[in-house]
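Asker: my questions are about this predicted structure, shown below with the sequence.
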Amino acid sequence: MTSRLAETSEISKRFVDNLAVDGVSISVSAGEIVGLVGANGAGKTTFIRMMLGLLRPDRGQVMLFDETPTRATRHRLGYMPQGMGLYEDLTVAQNLDFTARVFGVEPPALEGDLAALGDTLVADLPLGLRRRTGFLAALSHRPDLLVLDEPTSGVGPLGRAELWETIHDAADGGAGVLVTTHHMDEAEQCDRLVLLSAGRAVASGTVDEIIAGQTTIEVAPADPAAAMAMLGQAGLPVLPTGRHLRLPGVTTSSVRSILGGDVGLTESRSTLEEAFMSLARAV
Amino acid sequence: MSFGFTDVTVELGGETAIEGVDLEVEPGAITAVIGADGAGKTTTSRTLVGLLSPTAGTVRRPRAEAIGYQPEAAGTWLDLTVSENLSFVARAYGLPVASDRYRELLEVTGLGPATDRLAGELSGGMRQKLAVAMAMLPRPELTVLDEPTTGLDPMSRAEVWRLLARAAGEGTAVLATTSYLNEAERASHVVVLDNGKVLAAGTAESIRSSFRGLLGISATRPLDASAWRRGNHWRVWVPNGSLPPGARSATPDLEDVVTAAAYARQEAS
């Protein structure tokens, strides 16, 4: 067995006149967490469905565990879709029992907050606990590759911390993880990131690799609203931050030509979000 | 005068949706209400605009005609064009249709070239900017937007915040809810909700400096301390005393402050 669990080569998918995914190549190896980051509509879910073998690409190739996706590869996959894939009119225990039987394994033990909730209908669970249940179901057959589509969406700070701990535990135990998010602070949890924009992978690498060489200019104008309007009209990306304005990926001369040569400005390393803004704009 | 809540509790269907929430929404400024789904953001919005009545506490709001409200994932008519959407709002408020205000908003949103496109055909970012323009059109005293940036790419999110800053610049009191903690920086006042209660409030800066105790970074999970994983390390919070061996001191960011506050609340309950 190689350590490369999943690999897509230049896969594309068109829906009528919408090219949802355009030639994306990604690999996930054992023990690593790969984050797929992009806005709604960037193509994350379509990409995941092709990688799982649920949707056939128009072009390109998907390999799972060194073979093309089949029912056999499905047994080594754990997938939590955005909707979590649970039966709302079954209880927590019944849902986990059902999934475990499909895979021919023992249902997982209920721990923590879920311990007392085995007989509760999934429909009656708060969202955070529903996500934990979906997560347990996806993990119950100890998959080699975990695919999580926005696993922490709608979960509070402690629930998020717990879910990420479980994700890291799975990776530490040798599973490969592909996870989508549009929270930049969660992207920093990943070993490697791929940024999708309009169906294309516009950047990939570690957080440091993506930020490397990306700079943002900060100005503190006397009248931030007026300055923001002028910069915005000139087509420059402006992020209001406190009393300052931050402009990712622009040159000092372009800012000076709009706000005047004597405007005070500093240039600093971009945040991950700012780096993504520059990279997505450059496409 | 400012709008907002004093000690507001709202019960929905026998359950407490928000409890003892104080909120200040000042003219000329943006207040951001930040929290996960179920934290109470939508209840806060709906109560502030008068669609829900508080079980206890006081709500301060202007008269209904002076309120602009954009509910979550709504607020535009998908089968009307951009200009029809804006005209509809103008008529509903008894304002002239093709006014200077209308042209100004098309200009600042960048929707000018798209006036004849159906709202349903716009990208998510464009549609959300249309929704904000519709809320701004009648120059309300109070504008409330529920999750105007959810699901948008960072660039579109920044553009929506730029529009909100412009609305505030016109003197409107703006309240926007979001699930993105990093958007706290874009607002002049922030209220972080968790489970219907205020976990932290103030400016992003004052929330950061409200952190009590020590924050450390550790390569392994420390025993007997509140700790959470971030990437390849653990964040360790020690409210009293010293950091565990092997942990080095770090400066808490907003995420750390909120997580630590959630731990403190859990331990207190």
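Answerer: Nice, thanks for sending it over.

Asker: just the helices in the chain please.
Answerer: You didn't say which chain, so I picked chain A. Shown for chain A, the helices assigned by DSSP state H span residues A:44-51, A:71-74, A:92-103, A:127-139, A:157-172, A:184-187, A:207-211, A:224-233, A:252-259, A:272-281.

Asker: my question was about chain B, not that one.
Answerer: Going by DSSP H, chain B shows helices at B:41-49, B:82-92, B:100-109, B:124-136, B:154-169, B:204-209, B:254-268.

Asker: thinking again about what came up before, in JSON lines: the helices of chain A, plus mean pLDDT and mean neighbour count.
Answerer: C-beta: built from backbone N, CA, C; applies to glycine. Output for those, formatted as JSON lines (pLDDT from 0 to 100; neighbours: other CB atoms under 10 Å in any protein chain shown):
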{"stretch": "helix A:44-51", "mean pLDDT": "92", "mean neighbour count": "24"}
{"stretch": "helix A:71-74", "mean pLDDT": "88", "mean neighbour count": "14"}
{"stretch": "helix A:92-103", "mean pLDDT": "94", "mean neighbour count": "18"}
{"stretch": "helix A:127-139", "mean pLDDT": "88", "mean neighbour count": "22"}
{"stretch": "helix A:157-172", "mean pLDDT": "88", "mean neighbour count": "19"}
{"stretch": "helix A:184-187", "mean pLDDT": "80", "mean neighbour count": "21"}
{"stretch": "helix A:207-211", "mean pLDDT": "92", "mean neighbour count": "16"}
{"stretch": "helix A:224-233", "mean pLDDT": "80", "mean neighbour count": "18"}
{"stretch": "helix A:252-259", "mean pLDDT": "92", "mean neighbour count": "15"}
{"stretch": "helix A:272-281", "mean pLDDT": "84", "mean neighbour count": "22"}
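
Asker: now these as CSV including distance to B:Arg157?
Answerer: Formatted as CSV, these follow (distance: least, CB to CB, whole Å):
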stretch, distance to B:Arg157
helix A:44-51, 17
helix A:71-74, 36
helix A:92-103, 35
helix A:127-139, 22
helix A:157-172, 19
helix A:184-187, 10
helix A:207-211, 18
helix A:224-233, 14
helix A:252-259, 21
helix A:272-281, 9
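
Asker: quick one on the thing from earlier: return the member of the helices of chain B having the minimum mean pLDDT.
Answerer: With a mean of 83, helix B:154-169 has the lowest mean pLDDT of those.

Asker: residue contacts, A:Arg59?
Answerer: For A:Arg59, the contacting residues are A:10-12, A:23, by CB atoms under 8 Å, 6 or more residues apart in numbering or on different chains.

Asker: out of those, the closest to A:Gly134 would be?
Answerer: A:Ile11 (25.9 Å; CB to CB).

Asker: which one of the residues in the stretch 51-200 of chain B is closest to chain A?
Answerer: B:Asp153 (3.1 Å; CB to the nearest CB).

Asker: repeat that for the stretch 1-150 of chain B.
Answerer: B:Asp37 (3.2 Å).

Asker: could you identify which of the contacts of A:Arg59 has the most neighbours?
Answerer: Counting neighbours by other CB atoms under 10 Å in any protein chain shown, A:Ile11 comes out on top of those with 23 neighbours.

Asker: state the pLDDT value of that residue.
Answerer: Value for A:Ile11, per-residue pLDDT: 97.

Asker: hmm, back to that, check contacts around the residue of the stretch 1-150 of chain B closest to chain A.
Answerer: A:127, A:153-155, B:179.

Asker: hmm, what's the outermost residue in chain B?
Answerer: B:Pro245 (38.9 Å; CA atoms, centre = their mean).

Asker: next, it: phi, psi?
Answerer: Main-chain dihedrals, B:Pro245, degrees, to the nearest 10: phi -60, psi 140.

Asker: relative to B:Leu215, how far out is it?
Answerer: 16 Å (CB to CB, to the nearest Å).

Asker: can you check A:Leu178 too?
Answerer: 30 Å.

Asker: which bits of the stretch 101-250 of chain B sit near chain A?
Answerer: Neighbours of chain A within the stretch 101-250 of chain B, by CB under 8 Å from any CB of the partner chain: B:108, B:123-125, B:151-156, B:158, B:161-162, B:165-166, B:169, B:179-182, B:185-186, B:194-195, B:199, B:204-205, B:228-232.

Asker: pull the contacting residues for the spatially most central residue of chain A.
Answerer: Against the mean C-alpha coordinate of chain A, by CA atoms, centre = their mean, the closest residue is A:Thr180 at 2.1 Å. Shown in contact with A:Thr180 (CB under 8 Å, 6+ apart): A:35-38, A:44-45, A:48, A:148-150.

Asker: among those, which are in reach of chain B?
Answerer: Counting by CB under 8 Å from any CB, A:Gly38 from these sit close to chain B.

Asker: and the helices of chain A: which comes nearest B:Asp100?
Answerer: Proximity to B:Asp100 (CB to CB) singles out helix A:224-233 among these, at 16.2 Å.

Asker: got the angle for the closest one vs helix B:100-109?
Answerer: 70 degrees (axes from the mean of the first three to the mean of the last three CA atoms, to 10 degrees).

Asker: tell me what helix A:224-233 is packed against?
Answerer: strand A:244-248, helix A:252-259, helix B:154-169 (3 or more CB pairs under 8 Å, 6 or more residues apart in numbering or on different chains; DSSP states H and E).

Asker: dump the ones you listed into a markdown table; add distance to B:Gly50 as well.
Answerer: Listed next are these as a markdown table, based on distance: least, CB to CB, whole Å:
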| stretch | distance to B:Gly50 |
| --- | --- |
| strand A:244-248 | 35 |
| helix A:252-259 | 42 |
| helix B:154-169 | 20 |
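
Asker: just to revisit the earlier point, the more surrounded of A:Leu178 and B:Leu215?
Answerer: Each of A:Leu178 and B:Leu215 has its neighbours counted (other CB under 10 Å); A:Leu178 has more, 27 against 20.

Asker: how close does the nearest residue to A:Thr241 once chain neighbours are set aside get to A:Leu64?
Answerer: Closest residue to A:Thr241 apart from its sequence neighbours, by CB to CB, 6 or more residues apart in numbering or on different chains: B:Glu185 at 4.9 Å. Separation of B:Glu185 from A:Leu64 (CB to CB): 41 Å.

Asker: have a look at these two and say which one is more surrounded.
Answerer: A:Leu64 (23 against 19).

Asker: do I have it right that A:Ala170 meets A:Val147?
Answerer: No - using CB atoms under 8 Å, A:Ala170 is not in contact with A:Val147; the gap is 11.5 Å.

Asker: tell me the residues that contact both of the two, please.
Answerer: Shared contacts of A:Ala170 and A:Val147 (CB under 8 Å, 6+ apart): A:Val177.

Asker: out of the helices and strands packed on helix A:224-233, the one nearest A:Gln94 is which?
Answerer: helix B:154-169 (39.7 Å).

Asker: and the pLDDT for residue 65?
Answerer: As the question left the chain open, I've gone with chain A. So A:Phe65 comes in at 94 (pLDDT).

Asker: my bad, the chain I had in mind was chain B
Answerer: 88.

Asker: ok, it to B:Gly50 distance?
Answerer: Distance of B:Glu65 to B:Gly50, given as CB to CB: 12 Å.

Asker: end-to-end on stretch B:206-219?
Answerer: For stretch B:206-219, the first and last residues are 29 Å from each other (CA to CA, to the nearest Å).

Asker: mind listing what's buried in it?
Answerer: B:207-208, B:211, B:214-216, B:218 (16 or more other CB atoms under 10 Å in any protein chain shown).

Asker: same check on stretch B:87-105?
Answerer: For stretch B:87-105, burial by neighbour count (16+ other CB under 10 Å) applies to B:87-90, B:101-102, B:105.

Asker: now distance to A:Thr73 too, for these, in TSV please.
Answerer: As requested, those are exported to TSV (distance: CB to CB, whole Å):
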residue	distance to A:Thr73
B:Ser87	54
B:Phe88	52
B:Val89	52
B:Ala90	57
B:Arg101	58
B:Tyr102	56
B:Leu105	52
